[in-house]
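[1] pasting a predicted model and its sequence here:
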Amino acid sequence: MAQFVLEILDGDRAGDVLSLPEGTIRIGRKPGNDLVLADEKTSGVHAEIVFDGGRYVLRDLGSTNGTMMDGRRVTEVVLGSGDTFSIGRVQLRFRSDADASAPSAATGDLAVGKIDMARLQAAKGKGRSMTTFALVLVLALAGGGWFWAQGQGGGAGDGDSSPRGPRAIVTVAGNRIDGDAGACEQDTGWNLRVAGAGFQSGASAHTGQGSFEAQRSAEGQDFAVAATTSEIKALAGRSLSVAAHLRTFGQARAAVRLSFWSSADAVPFRFRTGSPLSAHEGWQRVEFVAAVPPGADRCAIEIVATLPDESSRAQCDDVAITESGDSKPIELKVGENGTVIGTGSAIALRSMDTDSPAALLWVKPGEVAADLKGLAAADLLALSDVGGSVAVTVDDNAAQFAVSGCSNLELGFPAESGSGMLADSGSGFANVDSGVAMTAQRVLLGDRSTRCMVEAKSGPVAMHGRTAGGVYRLQLAAAELRLQLGFRQERQDARERLRTAEALASEGEPGKALAAVRDALVAVPHDAETTALLVARRGEWQQAAQDRLQALGKDLDEAEFFDTRGGFQRVVAEIDRLLMSYGELGLPDAQSAKAMRERSQQRLSQLDGQRAQEMRQRLELMAKAFEEAKQPGLANLVRDYVTQRFSKQE
């Protein structure tokens with residue numbers, strides 16, 4: 001293979017020639033670069049030339065003023081012999097050393113020969129002596145004459161005057177992606193900027209001349225997603241094989257996956273499954289097989305990359321999808337209420353209710369590593385991205401999920417599932433705010449058609465819910481779950497408790513009836529219909545007590561207006577009966593009832609005091625009258641009675 005060089009055409013180093021190694025050289029203004037250009041328009045680390053797959057690739061490194069070729073700004077391009085490009089205000093030419101006889105723009109008819117890497121490294125220092133410079137120049141001129149002579153003689157080596165050509169594109173039989181789109185030679189058929197920093201066409205390829213490349217954006221977007229734009233038809237139950245060549249740099253990770261959905265708008269499920277997000281040093285073939293989930297009839301290929309730092313890059317080339325492989329979809333019936341559907345790493349639970357067809361929309365990773373947070377926030381993170389999978393078993397009314405590769409999950413439910421949420425931390429169910437962090441083992445979600453219970457098999461765990469994007473999202477620190485849809489046994493238990501409560505109420509024991517309802521709502525609130533009946537009965541009995549208290553309030557007002565002792569006595573006695581029948585827990589606003597009783601009792605005490613005082617005065621007048629009538633025995637008898645009677649009250 002011919003030796004290639006880089007010739008500086010202008011600037012203070014015009015005529016210098018750099019022999020290119022089979023590696024990487026950095027070009028820029030800073031002294032640490034392999035080729036230092038003293039040009040104010042050149043960035044500190046401006047660009048690099050990389051020997052890759054037998055070719056030299058020029059790559060801009062995010063420079064301020066760009067790398068220009070043929071009047072346009074380039075990000076990455078394969079160099080051919082004779083190509084001229086600009087770094088800042090300095091022009092450089094890439095050529096074979098066999099082309100040294102070509103006149104240089106800087107030297108006229110005299111072609112300057114190559115200067116080796118040691119000479120260029122020495123040129124980085126600022127203290128080069130004139131003697132050294134003269135010596136190097138003489139050697140360069142002598143070398144240039146030798147290379148010119150060799151060029152005149154037809155050149156040396158293998159006679160190849162350009163880098164080894166690109167590898168031929170491999171055609172995959174049955175590929176559902178059209179030619180150039182599958183080979184990533186052009187972006188037709190792709191949306192390279194689905195989310196994040198997106199991908200762009202690149203010149204460094206596995207085969208052919210093009211690929212797709214993702215780099216961290218200037219705005220700091222740390223992930224990229226691209227997808228095919230044409231819907232690929234799929235048949236439920238069939239297997240699809242997907243393959244792509246991926247390559248990553250720095251801390252980047254990349255994956256290829258399939259996204260499945262239904263062309264019917266009424267079917268809300270979307271399944272994403274594919275290869276794990278991984279680093280790929282050098283071009284690596286990535287492939288996986290996925291079964292088309294029940295109900296899905298469309299799919300698209302997605303290329304995903306995480307870009308956690310400035311050095312992160314990811315490339316994709318040669319994408320293919322064929323109908324092949326031996327993978328089976330998941331379709332497991334859960335009693336009469338639903339069906340678990342999906343693939344080994346993408347799960348949903350379909351309801352039998354046509355008005356609300358989804359009981360569970362997805363199972364995704366919950367809390368994730370820092371480099372996945374951007375992808376997760378965009379709702380584009382899949383369980384397969386973290387290498388996760390789901391094992392499913394079912395019984396008459398529940399599905400058991402065992403997730404591997406992920407210890408914290410996010411479950412997606414219809415938005416209305418977050419209303420009326422109940423949680424059990426070990427002492428029974430209680431109402432909770434659906435958006436508050438909590439510790440619980442079981443939570444009941446939804447109402448009627450969306451009713452389901454999520455249970456962490458390991459015991460109480462941290463949970464947190466929120467509604468976003470039309471979905472109620474429940475995160476929990478668990479990998480083994482039980483999701484129950486049917487509540488036949490719980491409904492029977494709750495209805496038996498309701499019958500017991502109704503019997504107690506009819507026997508004049510409303511307090512005990514309310515306690516029975518209270519226990520039922522804590523222990524078995526699973527069935528929404530029976531729970532609604534329990535709540536209705538509780539409301540009826542409490543309303544009856546409330547109505548009686550309001551009537552007693554009017555009685556108290558009337559007693560105070562007429563200041564009748566009998567009125568106050570009736571209020572006190574009736575409130576005592578209510579407290580005895582309902583108990584303080586069952587009587588609505590028991591504190592107000594107690595306050596009414598206290599007011600009545602105080603007035604009764606005042607009236608009793610007044611009556612006692614009046615009686616004492618009459619008796620004392622009677623004793624005085626006996627004395628005046630010369631009846632001292634009777635007078636003493638009355639005074640003794642007064643002393644005994646009223647001293648006790650005092």
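    Thanks, I have the structure now. Values in this document were obtained by computation on a predicted structure and should not be read as measured data.
[2] mind listing what's buried in the one helix or strand residue 608 maps to?
    Residue 608 belongs to helix 590-628 when elements are defined using DSSP states H and E. By neighbour count on 16 or more other Cβ atoms under 10 Å, the buried set for helix 590-628 is 590, 593, 596-597, 599-600, 603-604, 619, 622-623, 626. No exception for glycine: its C-beta is placed from N, CA and C like everyone else's.
[3] now the residues you listed as CSV including distance to residue 497?
    Shown next, in CSV, are the buried residues of helix 590-628 (distance: Cβ to Cβ, whole Å):
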residue, distance to residue 497
590, 24
593, 27
596, 33
597, 32
599, 38
600, 37
603, 43
604, 41
619, 62
622, 66
623, 68
626, 71
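[4] residue 81: which of these is nearest?
    For the buried residues of helix 590-628, the closest approach to residue 81 (Cβ to Cβ) belongs to residue 590, at 96.3 Å.
[5] got a list of what the closest one touches?
    By Cβ atoms under 8 Å, 6 or more residues apart in numbering, the contact list for residue 590 reads 579, 582, 584.
[6] what's the angle from the helix or strand that contains the first one to helix 590-628?
    Secondary structure here is read from DSSP H and E; on that basis residue 579 sits in helix 565-586. Angular relation of helix 565-586 and helix 590-628 on a 0 to 180 degree scale: 150 degrees, by axes from the mean of the first three to the mean of the last three Cα atoms, to 10 degrees.
[7] by mean pLDDT, flag the weakest helix or strand of the protein.
    helix 130-152 (a mean of 35; mean pLDDT, DSSP states H and E).
[8] for the following helix or strand past that helix, name the packing helices and strands.
    The helix or strand immediately downstream of helix 130-152 is helix 179-182, counting by DSSP H and E. With contacts taken as 3 or more Cβ pairs under 8 Å, 6 or more residues apart in numbering; DSSP states H and E, helix 179-182 sits against strand 313-322.
[9] give me the mean pLDDT for the strand it packs on.
    For strand 313-322, mean pLDDT rounds to 95.
[10] give me the mean pLDDT for the following helix or strand past it.
    The first helix or strand that comes after strand 313-322 along the chain, using DSSP H and E, is strand 330-334. Confidence for strand 330-334, expressed as mean pLDDT, is 95.
[11] C-alpha coordinates for strand 330-334, PDB please?
    The C-alpha coordinates for strand 330-334 follow below in PDB (Å, rounded to 0.1, in the frame of the first residue of the first chain):
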ATOM      1  CA  ILE A 330     -46.400 -14.100  25.100                       C
ATOM      2  CA  GLU A 331     -50.200 -14.500  25.200                       C
ATOM      3  CA  LEU A 332     -51.500 -15.700  28.600                       C
ATOM      4  CA  LYS A 333     -55.100 -15.400  29.700                       C
ATOM      5  CA  VAL A 334     -55.800 -14.100  33.200                       C
END
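[12] which one among the buried residues of helix 590-628 gets closest to residue 18?
    residue 590 (93.0 Å).
[13] how near is that closest one to residue 517?
    Distance of residue 590 to residue 517, computed by Cβ to Cβ, to the nearest Å: 17 Å.
[14] just the residues contacting the host helix or strand of residue 193, thanks.
    In the assignment (DSSP H and E), residue 193 maps to strand 190-196. Strand 190-196 is touched from outside by 181, 198-201, 212, 214, 217, 221-229, 302, 307, 374-375, 378, 380, with contacts defined as Cβ under 8 Å, 6+ apart.
[15] what about these, which are in strands?
    199-201, 212, 214, 223-228, 302 (DSSP state E).
[16] quick one on the thing from earlier: buried ones only from the contacts of strand 190-196, please, as a ChimeraX command.
    Restricted to buried positions by 16+ other Cβ under 10 Å, the ChimeraX selection for the contacts of strand 190-196 reads:
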select :181,198,199,200,201,212,214,221,222,223,224,225,226,227,228,302,307,374,375,380
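[17] that older thread, going through the contacts of residue 590, which ones are buried?
    Using 16+ other Cβ under 10 Å, the buried members of the contacts of residue 590 are 579, 582.
[18] among the contacts of residue 590, show me the least confident.
    residue 584 (85).
[19] what's the distance between that one and residue 556?
    Counting by Cβ to Cβ - residue 584 and residue 556 are separated by 20 Å.
[20] nearest residue to residue 451 other than its sequence neighbours?
    residue 528 (5.1 Å; Cβ to Cβ, 6 or more residues apart in numbering).
[21] dump the residue contacts of the one you found.
    Counted by Cβ under 8 Å, 6+ apart, residue 528 has contacts 446-448, 451.
[22] can you put those in a markdown table and add pLDDT?
    Below are these laid out as a markdown table (pLDDT from 0 to 100):
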| residue | pLDDT |
| --- | --- |
| 446 | 86 |
| 447 | 78 |
| 448 | 70 |
| 451 | 86 |
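[23] in PyMOL, select just the buried ones from the residues you listed.
    Burial among the contacts of residue 528 is assessed by 16+ other Cβ under 10 Å; the matching PyMOL selection reads:
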select buried, resi 446+447+451
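[24] could you work out the most separated pair of the contacts of residue 528?
    Spatial extent of the contacts of residue 528 (Cβ to Cβ) is set by the pair 446 and 448 at 7.5 Å.
[25] next, name the residue at the spatial heart of the chain.
    By Cα atoms, centre = their mean, the chain has its centre lying nearest to residue 376, at 4.0 Å.
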